[in-house]
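In: task: produce atomic coordinates for the following.
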Amino acid sequence: MKNLPQSLTHIIEEQGYDVESVFAQRLSGCDDEKLWNIIKEESRIFITLDLDFSDIRRILNDVSNFTGIMILRPRSKGPDGIQEIFKKALRLISIEDLWGKLIIVDPTKIRIKKIK
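Out: Residues are numbered from 1 along each chain as shown. Next up is the predicted model:
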């Protein structure tokens, strides 16, 4: 997870998933390519506010080991706004549904692109 409040970590852990954050792994500030390689190596779903990861051309250049990306686009980037949009997404899709997909969640819709 990148740029996200710790409360999301707890929501995901309560569902029985192993969660790591960019902050906890001391990867804050590292470049996107390095971060993406680590995500793939660890076979993790990536949840972020960073629109750089929505560029499908970057993803399609290397779909090997693609796990999944969820990009949250809340109205407010404060912890409450982020948590609200994340919970909205989880009411409509399960974490298992994230595998192999690029998912962009905004206040009015959820866009899903199957990558592999």
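In: right, and S21 touches L4 too?
Out: Yes: using CB atoms under 8 Å, S21 is in contact with L4, at 7.4 Å. All C-beta spots, glycine's among them, are computed from the backbone N, C-alpha and C.
In: what ranges does this structure have for its strands?
Out: 46-48, 69-72, 101-105, 110-114 (DSSP state E).
In: okay if I get the ones you listed as CSV plus distance to E13 and mean pLDDT?
Out: Formatted as CSV, the strands of the chain follow (distance: least, CB to CB, whole Å; pLDDT from 0 to 100):
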stretch, distance to E13, mean pLDDT
strand 46-48, 13, 92
strand 69-72, 16, 94
strand 101-105, 20, 95
strand 110-114, 23, 93
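In: want to throw those strands into CSV with distance to K88 and mean neighbour count?
Out: What follows is the strands of the chain, written out as CSV (distance: least, CB to CB, whole Å; neighbours: other CB atoms under 10 Å):
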stretch, distance to K88, mean neighbour count
strand 46-48, 14, 23
strand 69-72, 10, 22
strand 101-105, 7, 20
strand 110-114, 8, 13
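In: let me have the ones you listed in JSON lines, extended by distance to L92.
Out: What follows is those, written out as JSON lines (distance: least, CB to CB, whole Å):
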{"stretch": "strand 46-48", "distance to L92": "15"}
{"stretch": "strand 69-72", "distance to L92": "12"}
{"stretch": "strand 101-105", "distance to L92": "9"}
{"stretch": "strand 110-114", "distance to L92": "6"}
